[in-house]
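Novice: 3D, please:
(one chain, ligands or ions: 1)
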Amino acid sequence: MTTPRILPSIDDLRQRPAVGALAAEYGSTAVLSALRAETDALRHGLSGPAPPPVTDRESAAALIERGAADRLARTYTPSLVPVINATGVIVHTNLGRAPLAPAAARRVAELAAGYTNLEYDLVEGQRGSRSVHAERLLAEVTGAPSAAVVNNNAAAVLLTLAALASGREAIVSRGELVEIGGGFRIPDVMRQSGADVREVGTTNKTRTADYAAAINERTAVILRVHPSNFRIEGFTERPALADLVALGHRFNIPVVEDLGSGNLLAALADGGIGEPVVAASVAAGAGVCCFSGDKLLGGPQAGIIVGEQALVSRIRTHPLMRALRVDKMTYAALEATLLEYARGRADTTVPVARMLHATAETVGRRAIALADRIANHDLFETDVVDGFSTVGGGGAPGSAIATRLLRLTPRDRSASWLERRLRQQRPPIIARIEDDRVLIDLRTVLPEQDAPLAEALRALS
Ligand SMILES: *Cc1c(COP(=O)(O)O)cnc(C)c1O
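Specialist: Below is the predicted model of the structure:
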């Protein structure tokens, strides 16, 4: 019956130097509640079936102090942390998709902590519209006269259809009624917008005549969707965008194209990874194009809508726009990223574009340098082998980019043990396993991470 006596008082605990240090770091209120919680936990523990080994007031106080420190460290730590992406998947959805260009990250840091002219017209000295931001640069890189930016491409498609086709029909090919991932299903999004889905054609073949036969007085738009992470091969047919545009013109119906990835570089289209270029769709006459900001474009999470003035204006003034709009940090990052494209240097300054362009030789040289720095490791052997990186993020389905991989062959442990150890590093190193070996693809590792990665691998035990 002596158990409560060995519990120190909160006042006694607060006198301890280590507790004082905790208060300096986390504030006295947080420390007080952590001390109370740990004291209660110890009181319960002492009367339970497996009491902790405390014999006097000092050992109890030490236990409470340690518990409080752990509890505070757990609570007061961001759960979102940087990781090293060694998977070779460039637009890795689970790893936050596109890393920002340094210029874009700097721009966010410059603008985020202060006031900006987000909705202020500096010439007139009065309220302005946030939708002017990024519009000039988007016009420059896509050729479209007008633009709007929302939270992501799913929102862009939803808003576009709500503004242009709610209560009317949107024609779409059965071959394009896809699920993108994360539960984004084109037919569901179409219905949520209030548009009636008018399916035409078949899964593998849809012709311009199928669209033409479906047009009636309720038709509002022709929707064309990039099938994204999925591909139909063999006996297939899909009209050229220009043919759908010509059909639309005859009936005064706009073509809305969901491009998915938002590729701005011609080099990545034909002969590259085969992703359609936004400017080509605009030039072919699509009334509205929607695409992601953080897939191939390599910018912040955003949904970008570009197109004809009259259509984009209806989209911007739709009530849903208020719910889907983006903040100053997104505009800051997006404008800085677009500027790199406008200046024609994105392929070296925007990480996603740079990673897509890197040759297997370049990646291989880094892999060899890394192998040299961690030679003769106790836990694994290293060698450098050929392999493939992928685009990811639903872009360029099936695309494989030749790369060179650092291969770690564990000596005694399993590859999954090694992979887990890599994940436990700070920053965590995310790698993949193939044939009971761990593969490190430096294509997706930022160059400034090569040194910390080498150090982490060398020190691994
Ligand atoms: C990825 C994708 C979307 C969804 O874009 P988010 O930016 O992830 O919302 C929509 N349509 C297509 C074709 C896509 O590839």
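Novice: Which parts of stretch 31-48 count as buried, going by neighbours?
Specialist: Neighbour counts using 16 or more other Cβ atoms under 10 Å place 31-32, 34-35, 38-39, 42, 46 of stretch 31-48 among the buried residues. The C-beta positions use only the backbone N, C-alpha and C, and glycine is treated the same way.
Novice: So which of those residues is the closest to the ligand?
Specialist: If you rank the buried residues of stretch 31-48 by distance to the ligand using Cβ to the nearest ligand atom, residue 34 comes first, at 39.3 Å.
Novice: for the closest one, what are its contacts?
Specialist: 22, 26, 67-68, 71-72 (Cβ atoms under 8 Å, 6 or more residues apart in numbering).
Novice: ok, and the most crowded of the residues you listed?
Specialist: For the contacts of residue 34, the largest number of neighbours (other Cβ atoms under 10 Å) sits with residue 68, at 25 neighbours.
Novice: ok, now which ones touch that one?
Specialist: Here residue 68 is in contact with 19, 22, 31, 34-35, 37-38 (Cβ under 8 Å, 6+ apart).
Novice: Tell me the secondary structure at it.
Specialist: Here residue 68 takes the helix state, with states given by DSSP: H, G, I helix; E, B strand; the rest coil.
Novice: Can you name the helix or strand that the closest residue in space to it that isn't next to it in sequence falls in?
Specialist: Nearest non-adjacent residue to residue 68, counting by Cβ to Cβ, 6 or more residues apart in numbering: residue 34, 4.0 Å away. Using DSSP states H and E, residue 34 falls within helix 28-46.
Novice: measure residue 212 to the ligand for me?
Specialist: As judged by Cβ to the nearest ligand atom, to the nearest Å, residue 212 and the ligand stand 24 Å apart.
Novice: Give the burial count for that residue, as a bare number.
Specialist: As a burial measure, residue 212 scores 15 neighbours (other Cβ under 10 Å).
Novice: List the buried residues in the strand or helix carrying it.
Specialist: Applying DSSP H and E as the criterion places residue 212 in helix 208-214. Residues of helix 208-214 classed as buried by neighbour count (16+ other Cβ under 10 Å): 208, 210-211, 214.
Novice: Adding distance to residue 112 and pLDDT, write the residues you listed out as TSV.
Specialist: As requested, the buried residues of helix 208-214 are exported to TSV (distance: Cβ to Cβ, whole Å; pLDDT from 0 to 100):
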residue	distance to residue 112	pLDDT
208	48	96
210	49	97
211	45	98
214	47	98
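Novice: Make JSON lines from those residues and add distance to residue 458 to it.
Specialist: JSON lines is the format used below for those (distance: Cβ to Cβ, whole Å):
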{"residue": "208", "distance to residue 458": "61"}
{"residue": "210", "distance to residue 458": "61"}
{"residue": "211", "distance to residue 458": "60"}
{"residue": "214", "distance to residue 458": "63"}
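Novice: so which of these comes closest to the ligand?
Specialist: Using Cβ to the nearest ligand atom, the buried residues of helix 208-214 come closest to the ligand at residue 211, 18.7 Å.
Novice: What distance do you get for that closest one to residue 433?
Specialist: 46 Å (Cβ to Cβ, to the nearest Å).
Novice: same check, this time on residue 39
Specialist: 45 Å.
Novice: Helix, strand or coil: sort out residue 199 for me.
Specialist: Secondary structure, three-state DSSP: residue 199 is strand.
Novice: Please list all residues in contact with it.
Specialist: Counting by Cβ under 8 Å, 6+ apart, the residues that residue 199 touches are 172-174, 177.
Novice: ok, now residue 55?
Specialist: Counting by Cβ under 8 Å, 6+ apart, residue 55 touches residue 6.
Novice: quick thing: my sequence starts at 798, can you match it?
Specialist: In the new count, where the first residue is 798, that last one comes out as residue 852.
Novice: hang on, it in a helix?
Specialist: No - using three-state DSSP, the assignment for residue 852 is coil, not a helix.
Novice: if we can go back for a sec, pull the most distant pair out of the buried residues of helix 1005-1011.
Specialist: Pairwise distances across the buried residues of helix 1005-1011 (Cβ to Cβ) peak at 11.0 Å, for the pair 1005 and 1011.
Novice: so how far is the first residue of stretch 979-994 from its last?
Specialist: 21 Å (Cα to Cα, to the nearest Å).
Novice: Stretch 805-815 too?
Specialist: One end of stretch 805-815 sits 15 Å from the other (Cα to Cα).
Novice: Using neighbour counts, pick out the buried residues of that stretch.
Specialist: Under the neighbour-count criterion of 16+ other Cβ under 10 Å, stretch 805-815 has 805, 810-811, 813 buried.
Novice: for that stretch, the distance to its chain's centre please.
Specialist: In terms of Cα atoms, centre = their mean, to the nearest Å, the centre of stretch 805-815 is set 46 Å apart from its chain centre.
Novice: Also stretch 1230-1239?
Specialist: For stretch 1230-1239, the distance to the chain centre is 23 Å (Cα atoms, centre = their mean).
Novice: Could you list the buried residues of that stretch?
Specialist: Neighbour-count burial for stretch 1230-1239, counted by 16+ other Cβ under 10 Å, picks out 1234-1239.
Novice: now stretch 1028-1037
Specialist: For stretch 1028-1037, the neighbour count (16+ other Cβ under 10 Å) marks 1035-1036 as buried.
Novice: Let me know the average pLDDT across stretch 1179-1198.
Specialist: For stretch 1179-1198, mean pLDDT rounds to 86.
Novice: Out of the buried residues of stretch 1230-1239, which comes closest to residue 991?
Specialist: Nearest member of the buried residues of stretch 1230-1239 to residue 991, counting by Cβ to Cβ, is residue 1238, at 43.9 Å.
Novice: how close does the closest residue to the closest one other than its chain neighbours sit to residue 835?
Specialist: Nearest in space to residue 1238, with sequence neighbours left out and distances taken as Cβ to Cβ, 6+ apart, is residue 885 at 3.0 Å. Using Cβ to Cβ, residue 885 is found at 44 Å from residue 835.
Novice: Quick check: which element contains the residue nearest in space to the middle of the chain?
Specialist: Closest to where the C-alpha atoms of the chain average out (Cα atoms, centre = their mean) is residue 894, at 2.9 Å. Following DSSP H and E, there is no helix or strand that holds residue 894.
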